[in-house]
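A.B. asks: here are the coordinates; sequence isn't available:
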């Protein structure tokens, strides 16, 4: 099974323009968990083998931010597929093979 999760989570009660100091704490926790992940400009995607593992990462993300904030915003999308693995890169490769060389 492959559980792909795309999410963004950050405190909403901090002053300033950037949530990076807080988001970096979540990314560090995900990195240390050992699950494959990809950080992008609008969120993070990670892949687990079970829905329970995915929910654990989400819960741990909140617990990472909880001491630093009274209010946390989260948006979470999941794509759960039985009999599949390594979709964090496979889905991108599947699309790119149809695009071909984007520079030509």
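C.D. replies: Noted; the coordinates are in hand. Just so it is clear, the model here is predicted, and its values are computed rather than measured.
A.B. asks: tell me the secondary structure for residue 66?
C.D. replies: Remark: residue 66 carries the secondary structure label helix [criterion: DSSP: H, G, I helix; E, B strand; the rest coil].
A.B. asks: Distance of the closest residue in space to it that isn't next to it in sequence relative to residue 26?
C.D. replies: By the measure of CB to CB, 6 or more residues apart in numbering, the closest residue to residue 66 outside its immediate chain neighbours is residue 72, 7.2 Å from it. Backbone N, C-alpha and C define where each C-beta goes, glycine included. Distance check for residue 72 against residue 26: by CB to CB, to the nearest Å, it reads 10 Å.
A.B. asks: re earlier: what's the spacing between the residue nearest to residue 66 and residue 98?
C.D. replies: The spacing between residue 72 and residue 98, counted by CB to CB, is 38 Å.
A.B. asks: on contacts alone, who are the packing partners of the helix or strand containing residue 27?
C.D. replies: Element membership of residue 27 [criterion: DSSP states H and E] is helix 20-33. Packed against helix 20-33 by the contact rule (3 or more CB pairs under 8 Å, 6 or more residues apart in numbering; DSSP states H and E) you find strand 2-11, strand 37-40, strand 43-48, helix 51-65.
A.B. asks: Hey, what's the angle from it to helix 51-65? Just curious.
C.D. replies: Note on geometry: by axes from the mean of the first three to the mean of the last three CA atoms, to 10 degrees, helix 20-33 and helix 51-65 are set 140 degrees apart in direction.
A.B. asks: so how far is helix 20-33 from its chain's centroid?
C.D. replies: Centroid separation between helix 20-33 and its chain, computed with CA atoms, centre = their mean, to the nearest Å, is 10 Å.
A.B. asks: low pLDDT regions in the protein?
C.D. replies: Low-confidence segments of the chain, defined by pLDDT under 70, span residues 101-104.
A.B. asks: quick one: the closest residue to residue 82 other than its chain neighbours and residue 10, what's the gap?
C.D. replies: Taking CB to CB, 6+ apart, and ignoring the residues beside it in sequence, residue 82 has residue 1 as its nearest neighbour in space, at 5.3 Å. From residue 1 across to residue 10, the span is 28 Å (CB to CB).
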